[in-house]
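In: what would the 3D arrangement of this be:
(chains A and B)
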Amino acid sequence: MPPLPVSQIPLNWYLILSATLFLIGVAGFIYRRNIITIFMCIELMLNAVNLSFVALSYQWKQVDGHIFSFFVMVVAAAEAAVGLAIILTVFKNRQTLEVDEISSLRN
Amino acid sequence: MSGYYTSADHFALLPALMLVLFGSAILLLEFLMPKGPARTRWLVGFTLLGLASAAIALLRQHQALSAPGSRIVAFSGSFTIDSFSLYFDWLFLAAAAIVTLISYRYLEIEGEHRAEYYGLILLACSGMFFLASGADLITMFLGLELMALSFYVLVGFLKRERRSNEAAIKYFLLGSFSSSLLAYGFSLLYGLSGSTNLEEIRRAIFTRGSLDAITALAMATILAGVLFKVSAAPFHMWAPDAYAGAPTAVTAYLSVASQAASFALLLRLFNGPLSPLDQEWRPLVAGVAVATLVIGNFAALTQENVKRLIAYSSVSHAGYLLLGLVAGNTTGLRGIAVYLAIYMFANLGVLMVLIAIRTRTSGMLEEDLSDLNGLGARHPLYAAAMLVFLLSLAGIPPTGGFLGKYYIFLSLLETGHAVLAVIAALYVAVSLYYYFRIVRGMYMTQGEPGPLASSIGMNVAVAISGVATLLLGLFPEPFLRFAAGALVR
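Out: Numbering: from 1, shown residues only, chains lettered A, B, ... in the order given. A predicted model of the protein is given here:
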């Protein structure tokens, strides 16, 4: 079996990409006003986590990080199931998905 | 390292396994249960049976760990049973049992009495078990998510109620945001050490020595994620909304069990892998704790809704608990353990009295302070219980609450944080004002509280919580001995 090609891209680049994706997710979470978009930003953050786990796992020549990223995917899927169900009930009761209009709980 | 499921693994996992089995089984067995009023008895009985079998398994672990400092390590070191996890597991089981007792009448009145509720209570409890026992980042992350996902659904359980929907969406968005922060921090910890085991990460960070950019980023994201979970000051915004909009029985479960589990996570992380960085995080946590005290107490002063008031008061209690971590010595850690147990009974108690006096007939869902007016004359026993719970939350001597605050203040003085101790003591005085607003309403104001929505389970739960709150204050010795073992590691 021929040896696997070694990646020429240094680890730092993966980590910078992952940090950038994560920051885009955080910024979107803070600035976007539509619930579905906010939820997509959370998924983006989780995918940045996955990227960082896989890159670091490759660097350490281990599978632990790969395993963690599988569990993160499972959690993201479960979160999507629960989250979309909650979003649906909100929409059914209010006919809106703008967070600023969902504010009956105030001081 | 064996790849098999050994008997030691089974022994360590059994309590959580029981909860998962019963929690899943109740969803399937609902079809077989009789309809009508008997159904309530079956559902509650089955849930309590599940909690009891977990308690028996836990008791056997307790006996196996009678020697101080002993522990069971299972699943190649990713799951640990030690006196710390046992202590928290008992808290979680007690909270789940009490919440089951106070829930069924409430859910019947709301017309949402379903088996899923009990299944989620049990599954959330098993997630907390994994959090308290986790010795590995993967175990802790999964335990946290199992607990959080169950709570997202529980908070929105009254699905026809707009306020419950809104609480669920806010809790869900901020909760999963904080989980992502935590997961990002975990990925950096893994990168630093090449391992997901907490002990190995601690060693790697210890040998690394100084604080570099990656370590600092890992510490910051994990700190922010965990502070979200314990509703500490800059990250507390979700708590009042989630607590006020959730079904009151879920508010009770969320404010005590989820809070205790998040503190178990906090202690595992900050006394474990992040302990070599304590010079860096201790001042940060101290600042957060003081900010939490200020915001929690001052925001509670002006609340008219009892559940919001209790939410801000739990924010302020999170501040006291964080001060125990700032002190960080044995007294402080024991103080956190004692405080959490005492706070659990008192806060559950306040919320269960709220459930008992609230009836659907009036068509209102808001729990205004004025709803409690005249409670002392109409229902003296419930009013007396409420008084005991409020005294305990405020930390007045004959009740248990005094003990928890005493240990926290003592630990601060022992470690030379006298200024923090003085600030914390001043805020106890502020908290007296809003707790006594409730007491004044009950005893000094005329009013017509509605008929009680009480039940056998409710009365038992009020009695247990009331007696526990008083006994912990009057005869604390056996409990203190139990708690003292909890943090020896």
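In: elements contacting the strand or helix carrying residue A:93?
Out: With secondary structure defined by DSSP states H and E, residue A:93 is part of helix A:64-94. Counting by 3 or more Cβ pairs under 8 Å, 6 or more residues apart in numbering or on different chains; DSSP states H and E, the packing neighbours recorded for helix A:64-94 are helix A:35-60, helix B:137-155, helix B:162-193. C-beta: built from backbone N, CA, C; applies to glycine.
In: chain center to that helix: distance?
Out: 10 Å (Cα atoms, centre = their mean, to the nearest Å).
In: and of the helices and strands packed on helix A:64-94, who's closest to residue A:76?
Out: Nearest to residue A:76, of all the helices and strands packed on helix A:64-94, is helix A:35-60, at 4.7 Å by Cβ to Cβ.
In: quick one: check that closest one for contact with chain B.
Out: Yes: with Cβ under 8 Å from any Cβ of the partner chain as the measure, helix A:35-60 is seen reaching chain B through A:35, A:38-39, A:42, A:45-46, A:48-49, A:52-53, A:56-57, A:59-60.
In: I'd like those as a markdown table, with pLDDT and neighbour count appended.
Out: Shown next, in a markdown table, are those (pLDDT from 0 to 100; neighbours: other Cβ atoms under 10 Å in any protein chain shown):
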| residue | pLDDT | neighbour count |
| --- | --- | --- |
| A:35 | 93 | 21 |
| A:38 | 95 | 23 |
| A:39 | 94 | 23 |
| A:42 | 95 | 25 |
| A:45 | 95 | 25 |
| A:46 | 95 | 22 |
| A:48 | 96 | 24 |
| A:49 | 96 | 29 |
| A:52 | 94 | 26 |
| A:53 | 94 | 28 |
| A:56 | 93 | 26 |
| A:57 | 93 | 21 |
| A:59 | 88 | 16 |
| A:60 | 90 | 15 |
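In: so residue B:451: helix, strand or coil?
Out: Of the three states, residue B:451 takes coil under DSSP: H, G, I helix; E, B strand; the rest coil.
In: what's the neighbour count on it?
Out: Look at residue B:451: counted by other Cβ atoms under 10 Å in any protein chain shown, it has 10 neighbours.
In: per-residue confidence at it?
Out: On the pLDDT scale, residue B:451 is placed at 71.
In: got it, and residue B:328?
Out: For residue B:328, the model assigns a pLDDT of 84.
In: hmm, it is touching residue B:282, no?
Out: Yes: between residue B:328 and residue B:282 there is a contact under Cβ atoms under 8 Å: 7.0 Å.
In: for whichever residue of the stretch 1-150 of chain B sits closest to chain A, what are its contacts?
Out: Minimum separation of the stretch 1-150 of chain B from chain A (Cβ to the nearest Cβ) falls at residue B:145, amounting to 4.7 Å. For residue B:145, the contact set (Cβ atoms under 8 Å, 6 or more residues apart in numbering or on different chains) comprises A:75, A:78, A:79, B:127, B:179.
In: distance check, the last one against chain A.
Out: The one in question is residue B:179. 8 Å (Cβ to the nearest Cβ, to the nearest Å).
In: do I have it right that that residue meets residue B:149?
Out: No: between residue B:179 and residue B:149 there is no contact under Cβ under 8 Å: 9.6 Å.
In: helix, strand or coil for the closest residue to residue B:110 other than its chain neighbours?
Out: What sits nearest to residue B:110 in space, not counting adjacent residues and going by Cβ to Cβ, 6 or more residues apart in numbering or on different chains, is residue B:158, at 5.8 Å. Secondary structure, three-state DSSP: residue B:158 is coil.
In: pLDDT score for residue B:158?
Out: Per the predicted model, pLDDT is 89 at residue B:158.
In: neighbours of it, how many?
Out: For residue B:158, the count of nearby residues is 22 (other Cβ under 10 Å).
In: for it, give me its contacts.
Out: Neighbour list for residue B:158: B:110, B:112, B:164, B:247 [criterion: Cβ under 8 Å, 6+ apart].
In: before we move on, back to that, between the contacts of residue B:145, which is nearest residue B:78?
Out: residue B:127 (15.3 Å).
In: so the closest one is in which element?
Out: Secondary structure from DSSP H and E places residue B:127 in helix B:115-133.
In: helices or strands next to that helix in the packing?
Out: helix B:7-29, helix B:37-64, strand B:79-81, helix B:83-110, helix B:137-155, helix B:259-270.
In: mind saving the C-alpha coords of the next helix or strand after the last one as PDB?
Out: Read it as helix B:259-270. Counting by DSSP H and E, the element after helix B:259-270 in chain order, helix or strand, is helix B:278-301. Taking C-alpha atoms only, helix B:278-301 is exported to PDB below (Å, rounded to 0.1, in the frame of the first residue of the first chain):
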ATOM      1  CA  ASP B 278      -5.700  29.400  38.900                       C
ATOM      2  CA  GLN B 279      -3.600  32.600  39.200                       C
ATOM      3  CA  GLU B 280      -5.300  33.800  36.000                       C
ATOM      4  CA  TRP B 281      -8.900  32.800  36.400                       C
ATOM      5  CA  ARG B 282      -9.300  33.500  40.200                       C
ATOM      6  CA  PRO B 283      -9.500  37.300  39.800                       C
ATOM      7  CA  LEU B 284     -11.800  36.900  36.800                       C
ATOM      8  CA  VAL B 285     -14.100  34.700  38.800                       C
ATOM      9  CA  ALA B 286     -14.000  37.100  41.700                       C
ATOM     10  CA  GLY B 287     -15.000  40.000  39.500                       C
ATOM     11  CA  VAL B 288     -17.800  37.900  37.900                       C
ATOM     12  CA  ALA B 289     -19.100  36.800  41.400                       C
ATOM     13  CA  VAL B 290     -19.300  40.400  42.700                       C
ATOM     14  CA  ALA B 291     -21.000  41.600  39.500                       C
ATOM     15  CA  THR B 292     -23.500  38.600  39.800                       C
ATOM     16  CA  LEU B 293     -24.200  39.600  43.400                       C
ATOM     17  CA  VAL B 294     -24.800  43.300  42.400                       C
ATOM     18  CA  ILE B 295     -27.000  42.600  39.400                       C
ATOM     19  CA  GLY B 296     -29.000  39.700  40.900                       C
ATOM     20  CA  ASN B 297     -29.800  41.500  44.100                       C
ATOM     21  CA  PHE B 298     -30.600  44.900  42.700                       C
ATOM     22  CA  ALA B 299     -32.700  43.500  39.800                       C
ATOM     23  CA  ALA B 300     -34.700  41.400  42.300                       C
ATOM     24  CA  LEU B 301     -35.600  44.500  44.300                       C
END
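In: how far out from the middle of the chain is helix B:278-301?
Out: 19 Å.
In: what sits up against it?
Out: Taking Cβ under 8 Å, 6+ apart as the rule, helix B:278-301 contacts A:107, B:211, B:216, B:219, B:223, B:227, B:232-234, B:236, B:240, B:270, B:274, B:309, B:312-320, B:322-323, B:325-326, B:328, B:417, B:420, B:423-424, B:427, B:430-431, B:433-434.
In: residue ranges with poor pLDDT in chain B?
Out: Low-confidence segments of chain B, defined by pLDDT under 70: B:1-3, B:358-366, B:449-450, B:486-489.
In: again with chain A
Out: A:1-7, A:106-107.
In: ok, residue A:75 touching residue B:142?
Out: Yes: Residue A:75 is in contact with residue B:142 according to Cβ under 8 Å; the separation is 7.3 Å.
In: pull up the residues of the stretch 101-250 of chain B that are close to chain A.
Out: B:137-138, B:141-142, B:145, B:149, B:152-153, B:156, B:159-160, B:162-163, B:165-170, B:172-173, B:176-177, B:179-181, B:183-184, B:186-188, B:190-191, B:194-196, B:240-241, B:244-245.
In: so what's residue B:436 up against?
Out: B:390, B:394.
In: my read is it is in a helix, agree?
Out: Yes: Residue B:436 forms part of a helix when assessed by three-state DSSP.
In: hmm, residue B:306 is touching residue B:371, no?
Out: Yes: counting by Cβ under 8 Å, residue B:306 does reach residue B:371; the two are 7.4 Å apart.
In: which one of those two is surrounded by more residues?
Out: Taking other Cβ under 10 Å, residue B:306 and residue B:371 do not tie; residue B:306 has more neighbours (25 against 21).
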